[in-house]
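could you look at this predicted model? Sequence included:
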Amino acid sequence: MSDGTARRADHCVVAVAECFRGDGEILANPIGVVPMIGGRLARASFAPDLMMTDGEAALVADTTVSAPAGGWSVEAHNPYRRMFDVVWSGRRHVMMGATQVDRHGNQNIAALGTDPHRPDVQLLGVRGAPGNTVNDVTSYWIGRHGPRVFVGAVDVVCGIGWDRAAELGPVAGRFHEVRRVVSDLGTFDFETPDRRMRLREVHPGITVEQVVAATGFPLALPDDVPTSRPPSAHELALLDQVIDPGGARFREVPDPA
Amino acid sequence: MSGPAPPSVATPTDKSMTADEVVARLRSGSTLGIGGWGSRRKPMALVKALLRSDVTDLHVVSYGGPEIGVLAAAGRLRHLTFAFVSPDVPNPLTGGDGPGLDPHFRAARQAGRLQCTELDEGMMLLGLQAAAWRLPFLPTRVGLGSDLFRLDPSLRTVRSPYPGPDGGPGEELVAQPAIALDAAWVHLNVGDTRGNAAFTGPDLYFDDLLLEAAAEGYVSLERTVPTAELSGAAGDITRLRVNRMFVTGVVEAPGGARPTGCAPDYDRDEAWQARWFATAKDEAARAALLEGWAAS
């Protein structure tokens, strides 16, 4: 429980929630702790028709992030195989993680190193990132913003960014949209003429200089960078009392020292 | 009351076999599809039997879990077709912690001991579907613009013969090649000895598709029941998703997915996974653990 004052994690969660504003009746598929909490917050406040998973094979109507004592309130059976029908129909906005992301929103979760056949560091694999990014809206959550994550060029393009989608042309790239990147320092979008990553807002207590120093490529910087909005009293109450009473968000995003 | 005896009915084929008999049908160099997803419902009783054999040089196709690390560490893999390999640690929201990556798979890959075909999860689905339907490929938008073409220079595109959405030339799409399997191994909750089987957990994953893409399909089961009881044991008819046309052999193997999970029968064995991961840098401990496990 908080004392009514928003902490860094609350700002991250609100920034995540805002990514889903206006999405309507689609599958909001945030993966990871802060994304799941943010997605639930969007549905509980300003986007009530979003659909969400239980992390396994069901779409559930619940507002909590962990299974309620009485079990999930299931809306639909959505096994892994069915997920591709949803993705390929475009009825989804996924928020994934990224080991690396570049200025155009190319994402890597597969491997580090220059030789794709013998990686220096093997990671998960490309998972569903190529298919997500060419078929539905994608955003990214980065829990620890740093120059080794925000890199000049990713080692393996798993999720495709705006430059790759532009190279495909207007037909093949027509369903591509990397919407936002949310990190523990701020929120980023690609609403620039050349679709370069732009600093959209900084979390309270963070300076633009800090963000620039932690980013391994030149960001598009507006003259005035707003501070991300705090949760409303109602949103904070939802987080504390309904969505994340256990405070999982504070363990993923600690308060600044 | 008693009339003439009813006419006799021919006895159907009983496909029961042991895990070792399944492995005996697999040759070194084969392409083997393994069912389940991550650390869920993997046919580990069959993997154990594989470790007891001298079959090696395998090309494995899998939505990868700990079986990939096991087979890589045991030196049985030549090639891996995969979209991910993950031990599926529990969601931190439910108190889970532990490694998110499989150290044994990573070690093999980083040492250059594995040839790999890396795919998007959905491309693997399409490759298996193409094989199941006896097609050379299926077209998809998935993979366009990504580095999958750099990772696999043999991957090709195909142009649609129909006009594009703008009335212009047909779209250029990825031609996902068929992934034909010599054999598929899956583990399900309940079935009969003829090869009909059902999943009683939340997800079938791609097990039916793997069997359909394979020349020979093998199903291990938590339990077998008479065919007349199968629908009832499965819960309802919609769970009877594997049928005997696609199944060559049936192995009754209670606990046969351990240490992976087999909902609703049992959870993943996190303690075993932790012990196994801890042997990543200790070759002797790794070999001893695998030997003991394969014999169990």
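Structure's in. What do you need?

so where do the strands sit in the chain?
All of this refers to chain A. A:27-30, A:52-53, A:58-60, A:74-77, A:92-96, A:100-101, A:107-108, A:111-112, A:121-122, A:137-142, A:177-183, A:186-189, A:198-202 (DSSP state E).

should've been chain B
Listed in chain order, the strands found in chain B under DSSP E are B:31-34, B:58-64, B:77-85, B:115-118, B:137-140, B:156-159, B:172-177, B:181-191, B:197-198, B:214-224, B:249-252.

so can I have JSON lines of those showing mean pLDDT, mean neighbour count and distance to A:D102?
All C-beta atoms are positioned from the backbone trio N, CA, C, and that covers glycine. Below are the strands of chain B laid out as JSON lines (pLDDT from 0 to 100; neighbours: other CB atoms under 10 Å in any protein chain shown; distance: least, CB to CB, whole Å):
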{"stretch": "strand B:31-34", "mean pLDDT": "98", "mean neighbour count": "25", "distance to A:D102": "34"}
{"stretch": "strand B:58-64", "mean pLDDT": "98", "mean neighbour count": "25", "distance to A:D102": "27"}
{"stretch": "strand B:77-85", "mean pLDDT": "97", "mean neighbour count": "23", "distance to A:D102": "21"}
{"stretch": "strand B:115-118", "mean pLDDT": "97", "mean neighbour count": "20", "distance to A:D102": "20"}
{"stretch": "strand B:137-140", "mean pLDDT": "98", "mean neighbour count": "20", "distance to A:D102": "25"}
{"stretch": "strand B:156-159", "mean pLDDT": "98", "mean neighbour count": "14", "distance to A:D102": "24"}
{"stretch": "strand B:172-177", "mean pLDDT": "98", "mean neighbour count": "22", "distance to A:D102": "23"}
{"stretch": "strand B:181-191", "mean pLDDT": "98", "mean neighbour count": "27", "distance to A:D102": "37"}
{"stretch": "strand B:197-198", "mean pLDDT": "98", "mean neighbour count": "27", "distance to A:D102": "46"}
{"stretch": "strand B:214-224", "mean pLDDT": "98", "mean neighbour count": "23", "distance to A:D102": "40"}
{"stretch": "strand B:249-252", "mean pLDDT": "98", "mean neighbour count": "22", "distance to A:D102": "48"}
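
in the lowest-mean-pLDDT helix or strand in chain B, what's buried?
When each helix and strand of chain B is scored by mean pLDDT, DSSP states H and E, helix B:270-277 comes last, with a mean of 91. Of all the residues in helix B:270-277, those buried under the rule 16 or more other CB atoms under 10 Å in any protein chain shown are B:E270, B:Q273, B:W276, B:F277.

could these go into a markdown table alongside distance to chain A?
Below are the buried residues of helix B:270-277 laid out as a markdown table (distance: CB to the nearest CB, whole Å):
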| residue | distance to chain A |
| --- | --- |
| B:E270 | 17 |
| B:Q273 | 16 |
| B:W276 | 17 |
| B:F277 | 14 |
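
kindly indicate which of those lies nearest B:S86.
Within the buried residues of helix B:270-277, distances to B:S86 taken as CB to CB reach their minimum at B:Q273, with 11.3 Å.

now do the contacts for the closest one.
By CB atoms under 8 Å, 6 or more residues apart in numbering or on different chains, the residues touching B:Q273 are B:S39, B:P66, B:P87, B:G98, B:P259.

where's the dip in pLDDT among these?
The pLDDT minimum for the contacts of B:Q273 sits at B:G98, where the score is 52.

before we move on, the earlier item: go through the strands of chain B and name the closest to chain A.
Ranking these by their distance to chain A (criterion: CB to the nearest CB) puts strand B:77-85 first, at 3.6 Å.

packing partners for that closest one?
Here strand B:77-85 touches strand B:58-64, helix B:66-73, strand B:115-118, helix B:121-132, going by 3 or more CB pairs under 8 Å, 6 or more residues apart in numbering or on different chains; DSSP states H and E.

these: which one's closest to B:K281?
Minimum separation from B:K281 across these (CB to CB) falls at helix B:66-73, 11.7 Å.

tell me the angle of the closest one relative to strand B:77-85?
An angle of 150 degrees separates the directions of helix B:66-73 and strand B:77-85 when computed by axes from the mean of the first three to the mean of the last three CA atoms, to 10 degrees.

starting at the chain centroid, how far to helix B:66-73?
Remark: helix B:66-73 is offset 13 Å from the chain centroid, using CA atoms, centre = their mean, to the nearest Å.

packing partners of it?
In this structure, helix B:66-73 makes packing contacts with helix B:44-52, strand B:58-64, strand B:77-85, helix B:103-110, helix B:270-277, helix B:283-295, judged by 3+ CB pairs under 8 Å, 6+ apart.

show me the contacts for B:S231.
B:I237, B:L240.

show me the shaky parts of the chain.
No chain in the question, so chain A it is. A:1-3 (pLDDT under 70).

oops, wrong one, chain B.
Low-confidence regions of chain B, defined here as pLDDT under 70, cover residues B:1, B:89-99.
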